[in-house]
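Trainee: kindly generate the corresponding structure for this input.
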Amino acid sequence: MMSCHTGEIDGYMIEGHVPAADIRRLLDERPDAVGLAVPGMPYGSPGMGPEDQREAYEVFLIRRDGSTEVFTSYDAA
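Mentor: Numbers count the residues shown, from 1 in each chain. Below is the predicted model of the structure:
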């Protein structure tokens, strides 16, 4: 789940180029989790090139027990 940037917002960790809409959803839903991660640096994710040329990628929810699940999937443009 490693990437290039780590942040914290309202008790949740954000790793990588996580779209703002997913962060807003996380804060609205307030799951029992560590936070969100976008592993690597997928082209077309926020700050990584034009969204209309993005490659497919997934945003993962990291649970407190260390397990992960797909929070959001983004198809290739």
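
Trainee: now what about the strand or helix carrying residue 21, what contacts it?
Mentor: Secondary structure assigned from DSSP states H and E places residue 21 in helix 20-29. Helix 20-29 is contacted from outside by 9, 10, 12, 14, 33, 35, 36, 46, 59, 61, 71, 72, using CB atoms under 8 Å, 6 or more residues apart in numbering. Every C-beta, even on glycine, is put in place using the N, C-alpha and C of the backbone.

Trainee: one more: stretch 35-53?
Mentor: 1-4, 8, 12-20, 22-23, 26, 54-62, 68, 71, 74, 77.

Trainee: tell me which of those fall in helices.
Mentor: 20, 22, 23, 26 (DSSP state H).

Trainee: and those residues, which are buried?
Mentor: Among the ones in helices among the contacts of stretch 35-53, those scoring as buried are 22, 23, 26 (criterion: 16 or more other CB atoms under 10 Å).

Trainee: not counting sequence-adjacent ones, nearest residue to residue 55?
Mentor: Nearest residue to residue 55, sequence neighbours excluded (CB to CB, 6 or more residues apart in numbering): residue 43, at 4.9 Å.

Trainee: how many residues are close by the one you found?
Mentor: If you count neighbours by other CB atoms under 10 Å, residue 43 ends up with 16.

Trainee: from residue 22, how far out is it?
Mentor: Shown here: residue 43 relative to residue 22, a distance of 18 Å by CB to CB, to the nearest Å.

Trainee: ok, back up a step: now a ChimeraX select for only the buried ones of the contacts of stretch 35-53.
Mentor: Command for ChimeraX, covering only those of these found buried under the criterion 16+ other CB under 10 Å:
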select :1,3,12,14,15,16,17,18,19,22,23,26,54,57,59,60,61,62,68,71,74
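
Trainee: that's all I had, so thanks and see you.
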